[in-house]
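> Here is a sequence together with a model predicted from it:
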Amino acid sequence: MVIGVFCFRNDLRLHDNQALQNALNQCDRLYLIYSFEDRVWKSENPRRISIHRAQFILESVLGLSHTISKAGGFLHITQGNIEDAIPIFMEEVGADICFLSEENAWEEKGVENSLSKIVHLRTDYNKTLIHLKDLPFEFKNLPETFSKFRKLVEGNWQVDTCVGSVNVIHSSCHKISTLPPLKDFGLYPSNPSRHSCFKFKGGTLSGQKRLKDWIWRKGCISKYKETRNQLSGPDFSSRFSPWISIGCLSPREIYWEIKKYESKHGSNESTYWLIFELLWRDFFQFSARFHGAKIFHSRGIHPERPSIHEPENAESLFVAWKNGRTSNSFINANMNELRETGWMSNRGRQNVASYLVNDLGLEWRRGAEWFEEQLIDYDPCSNYGNWLYLSGFGNDPRTTRYFNTSKQSATYDPDGNYTRAWA
């Protein structure tokens, strides 16, 4: 008899989950588990998670637990870093093998490596739109720029169909466990911001409802290229990213929903543009896998470029930036929205990053770490990849990307409504 453990990480779904399917197929008895890892949930200086993402993850794990229960299974909840908690759990239940969905980021890869030295581990890959095996080049030849990557991929396009949903789970229950309250991690719910126009709710069902509403019921995808640079409103952006970041939705699921929409309503630049952005996500995922820990270094993937020398008052400048108290009201508005909701538009993210690096002269990692804590859709590959790109130390041949915030504000907030609401 094969007894296994499947540990959910950033794949909180039963559909399009190859690793879970393989675990169910190979095991006579399977235990399902999710661990609240100390490295994130008990982090300090810097803090690595805020109330917004914490609440979203708890809702998603709870939704996953309910779905598993309806399918006949049980989700165990534990606390502790995976490489510590899983071997203990496996010993308790007499498990022979552990299954994980493979990640791309350096820290997560390190966890996989550490765990593999302790237990029999099997990982399966389903992280990106384009599977690793389907890249039209050897991984060691990954292009340094997105434009080259996109041309190669689109010239030899292949997206796998989604893996079917697991409807029946014969997983075992070792002992009853419940979700820890947020206060156990020093986090306390805050009142919703009166300026927020969208409420994120974690879980696959909520993510799929958003997918259907935004693409089909409202038809927002048909004009997405025209609306994507707006700053406010519930539907100018798909807002799929929080669900993608922890795996409630899969990139392939979104891709094939777009293709289904195109087959009925036709394709245009807007329907393509969301696929284009999924490819950007893939590129940052693969780049993080390729460069490893370098994406967290001060000079990123370009150690040959001159380093940043911060001003003497760097700390006070950073505190003002993160708290929305700079001399620039447009920047303040975006930073206040982030802090109060966990969300910021893509246009806003580019502007506040440019302001921190180019106008304040601060080290880009200050901003990246603050985003890591605050963003409801935080993903290490996209977050650090984007900050590197804006700072001149990432996947860009240019050494600077400067956004003129006065011009940006006049273009994207011409009436000043967004700035007045949040600043």
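Nice, thanks for sending it over.
> From now on I want contacts and neighbour counts done on CA atoms only, so please keep to that.
Noted.
> could you pull out the strands for this protein?
Residue ranges of the strands in the chain, as given by DSSP state E, are 3-8, 29-36, 75-79, 97-101, 121-124.
> now these in TSV, with mean pLDDT, distance to Gln285 and mean neighbour count?
Shown next, in TSV, are these (pLDDT from 0 to 100; distance: least, CA to CA, whole Å; neighbours: other CA atoms under 10 Å):
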stretch	mean pLDDT	distance to Gln285	mean neighbour count
strand 3-8	97	19	24
strand 29-36	96	23	22
strand 75-79	96	27	20
strand 97-101	98	14	22
strand 121-124	98	16	18
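> Turn those into a markdown table, columns for distance to Lys322.
Shown next, in a markdown table, are these (distance: least, CA to CA, whole Å):
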| stretch | distance to Lys322 |
| --- | --- |
| strand 3-8 | 32 |
| strand 29-36 | 27 |
| strand 75-79 | 30 |
| strand 97-101 | 34 |
| strand 121-124 | 38 |
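> looking at those strands, which is closest to Ile169?
Ile169 sits nearest to strand 29-36 of all the strands of the chain, at 8.9 Å, using CA to CA.
> and the angle from that closest one to strand 97-101?
Between strand 29-36 and strand 97-101, the angle comes out at 50 degrees (axes from the mean of the first three to the mean of the last three CA atoms, to 10 degrees).
> Strand 29-36 packs against which elements?
Helices and strands touching strand 29-36, as assessed by 3 or more CA pairs under 8 Å, 6 or more residues apart in numbering; DSSP states H and E, comprise strand 3-8, strand 75-79.
> circling back to that earlier point, out of the strands of the chain, which gets nearest to Asn313?
The nearest among the strands of the chain, by CA to CA, is strand 29-36 at 36.9 Å.
> Pull the residues that contact that closest one.
1-9, 23-24, 61, 74-82, 85, 170-174 (CA atoms under 8 Å, 6 or more residues apart in numbering).
> just stretch 187-194 next, same as before
Against stretch 187-194 from outside (CA under 8 Å, 6+ apart): Ser50, Ile51, Gln55, Leu182, Glu340, Thr341.
> Output that stretch as PDB, nothing but the C-alphas.
The C-alpha atoms that make up stretch 187-194 are tabulated as PDB, following Å, rounded to 0.1, in the frame of the first residue of the first chain:
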ATOM      1  CA  LEU A 187      -2.900  40.600  12.200                       C
ATOM      2  CA  TYR A 188      -6.300  42.200  12.800                       C
ATOM      3  CA  PRO A 189      -9.000  43.000  10.200                       C
ATOM      4  CA  SER A 190      -9.400  46.700   9.300                       C
ATOM      5  CA  ASN A 191     -12.500  48.500   8.100                       C
ATOM      6  CA  PRO A 192     -12.900  48.600   4.300                       C
ATOM      7  CA  SER A 193     -11.700  51.800   2.800                       C
ATOM      8  CA  ARG A 194     -14.600  54.100   1.800                       C
END
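> where's that stretch relative to the chain centroid, distance-wise?
The chain centroid and the centroid of stretch 187-194 are separated by 22 Å under CA atoms, centre = their mean, to the nearest Å.
> How about stretch 276-284?
From the chain centre to the centre of stretch 276-284 is a distance of 12 Å (CA atoms, centre = their mean).
> dump the residue contacts of the closest residue to Ser232 other than its chain neighbours.
The spatially closest residue to Ser232, leaving aside those adjacent along the chain, is Tyr418, at 6.8 Å (CA to CA, 6 or more residues apart in numbering). Neighbouring residues of Tyr418 by CA under 8 Å, 6+ apart: Leu231, Ser232, Ala333.
> how many neighbours does the first one have?
I take that to be Leu231. When neighbours are defined as other CA atoms under 10 Å, Leu231 has 21 of them.
> Kindly write the PyMOL command that selects the buried subset of the contacts of stretch 187-194.
The following PyMOL line selects those of these that are buried, judged by 16 or more other CA atoms under 10 Å:
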select buried, resi 50+51+55+340+341
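> In helices, which of the contacts of stretch 187-194 fall?
Among the contacts of stretch 187-194, the members falling in helices (DSSP state H) are Ile51, Gln55, Glu340, Thr341.
> Give me the buried positions along the longest helix along the chain.
Longest helix of the chain, by residue count under DSSP H: helix 269-291. For helix 269-291, a neighbour-count test (16+ other CA under 10 Å) marks 270-275, 278-290 as buried.
> Against Val357, how distant is Thr419?
21 Å (CA to CA, to the nearest Å).
> So between the two, which is more surrounded?
Counted by other CA under 10 Å, Thr419 and Val357 do not tie: Val357 has more neighbours, with 24 against 18.
> about what we covered before: quick check: pLDDT value at the residue nearest to Ser232.
Looking at Tyr418, its pLDDT is 97.
> how close does it get to Ser409?
9 Å.
> Where does pLDDT dip in this protein?
Scanning the chain for pLDDT under 70 picks out nothing.
> and with 80 instead?
Regions of the chain meeting the criterion pLDDT under 80 cover residues 170-176, 192, 194.
> can you list the domains in it?
Split into domains by automatic domain parsing, the chain comes to 1-127, 128-160+204-291, 297-422.
> Include distance to Val166 when you put those into CSV, please.
Shown next, in CSV, are the domains of the chain (distance: least, CA to CA, whole Å):
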stretch, distance to Val166
domain 1-127, 5
domain 128-160+204-291, 13
domain 297-422, 25
